[in-house]
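**Student:** Everything below, folded, please.
(one chain, ligands or ions: 2)
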Amino acid sequence: MLESSHISLDEFGVSLHNGFLPSEQPLRRLSDPYYAPWEAVMTDLPALIQTERIRQEVLSLPVLSTEKLNQEAEWQRAYLILAFLTHAYIWGGTQPEGVLPPPITSPFLQVCDRLELPPCATYAALNLWNFASTTGGEVDLTNPDNLVLVNSLTNTDDERWFLVISVAMEACGAKMIPLILNGINAAGIDDRDSVVRILNGMTACIDELGCLLERMYERNRPTVFYHQIRPLLAGSKNMAGAGLPNGVFYDVGDGKGNWRQYSGGSNAQSSLIQMFDIALGIEHIASGEVANKEAGHRAFMKEMRNYMPGPHRRFLEYLGKITNIRTYAMSLPASSDVRQAYNMVVMKLGGFRDKHIQIVTRYVINPAKQSRMRQNDKAVSGSVQRVNLASATSRSTESVNSISSTSPELSVKSAASSITSVSDSEVSEQPSFTEISEDRIFYGTGGTALIPFLKATRDETKAAARNVAVEDERRKQQFKPSSGLLEGTAELPRTDARLAISGRRFASPPPSSSPAQRHVTTTRHRFLSFCFPLKMADVFKNIFGGAAPSGASQGDDDFADFAGAPDPVPVPLTTSGFAPDAAITGGANAPFTKWYRVWERTSPSDFWQEAFVLPFLIFIIAFHFWGTRKNRRKAKAWAISHSPVLQSEFAVVGYSGIAHGASTEGVESELVDPEKLLKEKTAQEFQSYATGRQNIAFLDVSIKLVKRYNPIVFIVDTVLGLFFESFPPPVERVESTLYTFDGKEKDLVPAPAGDASSIKAPNSTYDGFIWAIVHKNAMRRLRVDRYDASITFTKENPKLPSWVTVMTESAEITDLLLTPALIKAIEEAGDDLEYLIISDQPVDRPVKCVFPFFFFFFFYLSPAFLQ
Ligand code: HEM
Ligand SMILES: N[C@@H](CC(=O)c1ccccc1NC=O)C(=O)O
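**Tutor:** Numbering: from 1, shown residues only. Ligands and ions are numbered 1, 2, ... in the order given. Next up, the predicted model:
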C-alpha cells in the first residue's frame, strides 16, 4: 500500500528502517585532517568544560572553511561539532559568555544554511547524529543498552543514557512511518479494517515508546542531569535570568555579527512525536509562554519545526497536508471500530505525555526546588556557583534584578534592535525579569514555561478524542489557571460531557484517565483507608499538608502528583567522567532518595508528614502494648486468685492436663502455674477450663475485658457509651458456666483402666428448674440475655441483701439453695455480682421442644472480681 502514496522517503531524509535517524550510523569523526583541530577539541570536550578551559581552546582554533565537507554525513558531523562547541563555549564557565567567536560562528552559519538548522545544539546534533553502536557494527538500535554517544558534554553515563533513550525511541518509532502512510491510504479508500488494524498498531508502538521513556530512570540520575548536563543544553532565548539578557552575539569577525536568541535543545524538536500529532490531526497551539499574547503568539511545537533538519520539517509539512485520519474517524459513528481505535491511539499518546510530565517533575521541578532551598540556606552558600539554567531556575527576584542593574549596558532595550531568532529575524519578545524569576515558573531548555506548556500539550492531545470543534476545545484547554486541589472536582462534569458527546465509553479503558479522574485516584490512594469522597479527602489533605513534600507542588495538580510519586531508583553506576560535585550529591537530592534517607532532607518542613504521622503511630503502638499487657495482667490476677479454689474443686484445671501430685491437702504448694490456667483467645478475651468433679462435665470460664489493644476502638467505645444509651459503656465480665452431667456419666466418661469404681458411681437424677439470684441493676440485662429467666417470678428474700432479688419457679428451691455459704459469698461479692442462674434450659432459646438435659450455672461477675 505504501507504494501508492508516491512519496520518496529519501527526499525527506527519512528511512523505513531508521525513521528520522540517518540510515547509516553517523560519522564518528571528520576524516579530513583539515578538520583535526576541531576533532582534537571534541575528544577533550568534557574535561575542557569541567576545567573551564574550553573558551581558550576555541579562541585558539583556526577559522576553518566548510569547503572540505562533501557527504551529507560530513555536514552533519560538522554541525554536531560546532553545535557542541557553541554550547560549551557559552555555558562552560562560571558566568555565561554572551559573544560567540568567529572560529565557531563563521563555519557554523554556513553549515546551518546548508542543513536548514539554527546555529545551536538542536536535537539533531545531540541525538539524531550523535549515536553509535556499542560494538561498532549493526545492532538493534531500539535497545538503548546497545547505544553509546559519539560525543558527550559531560562524559557521564547519565548523559549517555539521557540522549540514547531518545535515539532508541526514534529507532523504535520508525515503524510508525509506514503505518501512518498506509493508514492515510486506507482511510482514503474507506478500508475500515485496515485503518483499525493500523491504528491499533500505532497504539502498540506508542506503548513501546512509553516503556522506553520510562527507562530514563534506570541510568540517568536527576541531580546529575539537572546540575551537570542540562545547563549545557540551555539556549540563549529567555535566558536573562541565567545571565544572557540579549541572547548571544554571533561575532563573524571584522566587527560584524548580530545578537541572536535560540531555544536550547529539546525533544520538542524531534520529528517523531510531532509526526504522531500531525498524522492524528492533533493540533497544538500552546505557545510555551507564561501567558498567550493576543497577537504575535506562536505555537511552540510549530516553532520547534524550525529546529529540525530541513527535509524532516518538509516531511511533517507534507504529512499535515495529506493526513485524513482524524477526519475519517470522526466521520464515522462514535461506536464504530475506527472511532474507538482512533480514540485509543490518541489517549495512548496522551498517556505517553503523562509519563513525560512525570519525568519532567523528577528531572527538573524537584531538583529546581531543592536547589532553591539550598540557595536559601545560607549555610551552604560558600562555594562559587556557575550561573546557568540550574542556578537561574532557583534565582530569587532580587538577584535577577541585581543582574539587570549591574549590567545596564546589556539591558533588553539596548540590545533589542539586533536580536535574531531562528524563525525570522524579528525582535524576540523577552519576558520581563519578574516572569523569569517568578517563584513558580520553571523553564524548559526549549524556553517554555514548562508546566502550563506540557499540560496544555497533553490536554490538547486527549481532547482530540472528543468529536467537538477542535477550536472550541483549544480555547477551553489553553492555559487553564493553575489548578488547586479541588480543581479535579470542577473538572468532573467535563469528563462526563466528553463521554456523553462521544456517545459511549471507550471499548477498553483509556490508558490513562483524565486529569480529574487521575486526581481522584491519587487522592484515594493516599487516603485509601478512609475512603472519603474526593472533597472530604481534599479537606484532610489540606489539614495534614497532604502528601506534598516540601517543594512538591507549584499549584499544579499533575506535577504535584508526580512529585509525590515514588522516586526512580537508578541502577548503581560509575561515571566514566567526573562525579557530581559534593554540593549536588549531598543534602540536596532528597526528592530522589527513599523516604527513609532522612539524613538527606534539608529543612524541618521535610518532616511535616512524619511530624503528624509518627506521634500518632507511636501512640497507637504504645497504647496497643500497654492495653494488651494490662489485659494479660488482669486475666492473670483472676487466675491467681481463683486457682486455689478451682484446684480444690476440680481434678483438672487449665490446659496443661492433670497436675500430678495435686492433692487437696497441699493445694497452696501444688498449684498449677496460673499462666497455664488461661488461654488467650484474643487480646480482649481469655478462657479457662476445669473438669474432673462428680456430676460436673466441665467448667467454662470466659473473661471478657475492655478492648484496650486499639486506642481508636477503645476511645470510640468509651465515648459512645457516655453519650448514647444504645451503646453500653464497656464492662469487664467473667462468665463461668458449669455444665452438669445428667445421670449419664457412666455412658460418657470412660473408666480408668482396671478401675470399675466410676461405673459404680450413682447416677445423678435432677428435677429440672430455673433459679437465679440477680443484682437488681442487672435484671433487665438478664431478661434480655436469658430467655428462660422470663419464665420465673421475682421475689425478695429476707436472707439476702436488699440489692439482690431471687427469680424462681418455686419458693422451695430457694429455701434449699440459699445456704449460709452462698449468702456470705453474695454479700462479699457485692455489686460485682450480676447474676447467678441455675437452669435446665439450653443457652439458646429452643426453636422447638428440647429435652431438658443439662443444668447451667451462670455467674456474671463484674471487674472487681478480676482483681
Ligand atoms: C530527563 C528527560 C527529559 C526532560 C527533563 C524533558 C523535559 C522537557 C521539557 C521541559 C519540555 C518542554 C519544552 C522545553 O521547553 O524544552 C519537553 C518537551 C518535550 N519532550 Fe521532553 N524531556 C525529557 C525527555 C524526553 C524524551 C526522552 C522524550 C522522547 C520522546 C521527550 C519528548 C518531549 C516532547 C515530544 C516534547 C514536546 C512537548 C510534547 O510533545 O508534549 N522528552 N521535555
Ligand atoms: N527540554 C529538556 C531537555 C531535553 O529533553 C532535551 C534537550 C536536548 C536534547 C534532547 C532532549 N531530550 C531528550 O533527549 C529540559 O528542559 O530539560
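
**Student:** so for stretch 389-400, what's the average pLDDT?
**Tutor:** Here stretch 389-400 scores 50 as its mean pLDDT.

**Student:** residues contacting Ile640?
**Tutor:** Counting by Cβ atoms under 8 Å, 6 or more residues apart in numbering, Ile640 touches Pro674. Using the backbone N, CA and C atoms, a C-beta is placed for each residue, glycine as well.

**Student:** that's a helix at it, yeah?
**Tutor:** Yes - under DSSP: H, G, I helix; E, B strand; the rest coil, Ile640 sits within a helix.

**Student:** Excluding chain neighbours, give the residue nearest to the closest residue to ligand 1 within the stretch 301-450 of the chain in space.
**Tutor:** Nearest residue of the stretch 301-450 of the chain to ligand 1: Gly444, at 2.0 Å (Cβ to the nearest ligand atom). Closest residue to Gly444 apart from its sequence neighbours, by Cβ to Cβ, 6 or more residues apart in numbering: Leu450 at 4.2 Å.

**Student:** To what extent is the one you found buried, counted in neighbours?
**Tutor:** Using other Cβ atoms under 10 Å, Leu450 has 22 neighbouring residues.

**Student:** Could you report the distance from it to Val290?
**Tutor:** 11 Å (Cβ to Cβ, to the nearest Å).

**Student:** go on, Leu21?
**Tutor:** Leu21 sits 35 Å away from Val290, taking Cβ to Cβ as the criterion.

**Student:** Give me the pLDDT for Asp377.
**Tutor:** On pLDDT, Asp377 comes in at 64.

**Student:** and this structure, which residues reach ligand 2?
**Tutor:** Counting by Cβ under 6 Å from any ligand atom, the residues of the chain lying close to ligand 2 are 123, 126-127, 162-163, 166, 230, 233, 265-267, 364, 444-446.

**Student:** Neighbour-wise, give me the winner out of those residues.
**Tutor:** Among the residues of the chain next to ligand 2, Leu126 has more neighbours than the rest - 30 neighbours, counting by other Cβ under 10 Å.

**Student:** quick one: that one and Leu163 touch, right?
**Tutor:** Yes - using Cβ atoms under 8 Å, Leu126 is in contact with Leu163, at 5.9 Å.

**Student:** if we can go back for a sec, which two among the residues of the chain next to ligand 2 are spaced furthest apart?
**Tutor:** Across these, the longest distance by Cβ to Cβ is 18.1 Å; it joins Asn127 and Val364.

**Student:** Residue ranges in the stretch 601-750 of the chain under the pLDDT threshold?
**Tutor:** Scanning the stretch 601-750 of the chain for pLDDT under 70 picks out the ranges 601-603, 658-672, 742-750.

**Student:** again, only this time at 80
**Tutor:** Scanning the stretch 601-750 of the chain for pLDDT under 80 picks out the ranges 601-609, 656-675, 694-695, 725-726, 728, 740-750.

**Student:** Can you show me the helices along it?
**Tutor:** Listed in chain order, the helices of the stretch 601-750 of the chain (DSSP state H, counting those that start in this stretch) span 608-649, 667-670, 674-677, 711-723, 745-748.

**Student:** Thought Trp129 was touching Asn167, still the case?
**Tutor:** Small correction: residue 167 is Val, not Asn. No - between Val167 and Trp129 there is no contact under Cβ under 8 Å: 9.9 Å.

**Student:** got the residues of the chain near ligand 1?
**Tutor:** Within reach of ligand 1 by Cβ under 6 Å from any ligand atom, the chain has these residues: 162, 165-166, 169, 213, 216, 225, 266-268, 270, 273, 353, 356, 359-360, 363-364, 444-448, 450, 453-454, 457.

**Student:** Can you flag which of those residues belong to helices?
**Tutor:** Among these, DSSP state H puts 162, 165-166, 169, 213, 216, 273, 353, 356, 359-360, 450, 453-454, 457 in helices.

**Student:** Can you name the residue of the stretch 651-800 of the chain nearest to ligand 1?
**Tutor:** Ile712 (44.0 Å).

**Student:** That residue: neighbouring residues, count only.
**Tutor:** With neighbours defined by other Cβ under 10 Å, the count for Ile712 comes to 10.

**Student:** Tell me the spatial nearest neighbour of the closest residue to ligand 2 within the stretch 151-300 of the chain, not counting adjacent residues.
**Tutor:** Closest contact between the stretch 151-300 of the chain and ligand 2, by Cβ to the nearest ligand atom, is at Gly265 (2.7 Å). Excluding the flanking residues, the one nearest Gly265 by Cβ to Cβ, 6+ apart is Leu233, at 4.4 Å.

**Student:** any idea where the strands of the stretch 651-800 of the chain begin and end?
**Tutor:** 652-653, 678-682, 685-691, 696-704, 733-740, 770-775, 793-795 (DSSP state E, counting those that start in this stretch).

**Student:** wait, what's in contact with the residue of the stretch 301-450 of the chain closest to ligand 1?
**Tutor:** Taking Cβ under 8 Å, 6+ apart, we find Gly444 in contact with Gly264, Ser266, Ala268, Gly288, Val360, Val364, Leu450, Phe453.

**Student:** Is Arg339 in a helix, a strand, or coil?
**Tutor:** helix.

**Student:** wait, isn't it in contact with Ala329?
**Tutor:** Yes - using Cβ under 8 Å, Arg339 is in contact with Ala329, at 5.2 Å.

**Student:** so where's the stretch 101-250 of the chain uncertain?
**Tutor:** For the stretch 101-250 of the chain, applying pLDDT under 80 flags the ranges 136-137.

**Student:** Strands of that one, residue ranges please.
**Tutor:** With DSSP E, counting those that start in this stretch as the criterion, the stretch 101-250 of the chain has strands at 131-133, 147-149, 248-253.

**Student:** Columns distance to Asn777 and mean neighbour count on top of those, output as a markdown table?
**Tutor:** Converted to a markdown table, these look like this (distance: least, Cβ to Cβ, whole Å; neighbours: other Cβ atoms under 10 Å):
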| stretch | distance to Asn777 | mean neighbour count |
| --- | --- | --- |
| strand 131-133 | 88 | 20 |
| strand 147-149 | 84 | 20 |
| strand 248-253 | 93 | 20 |
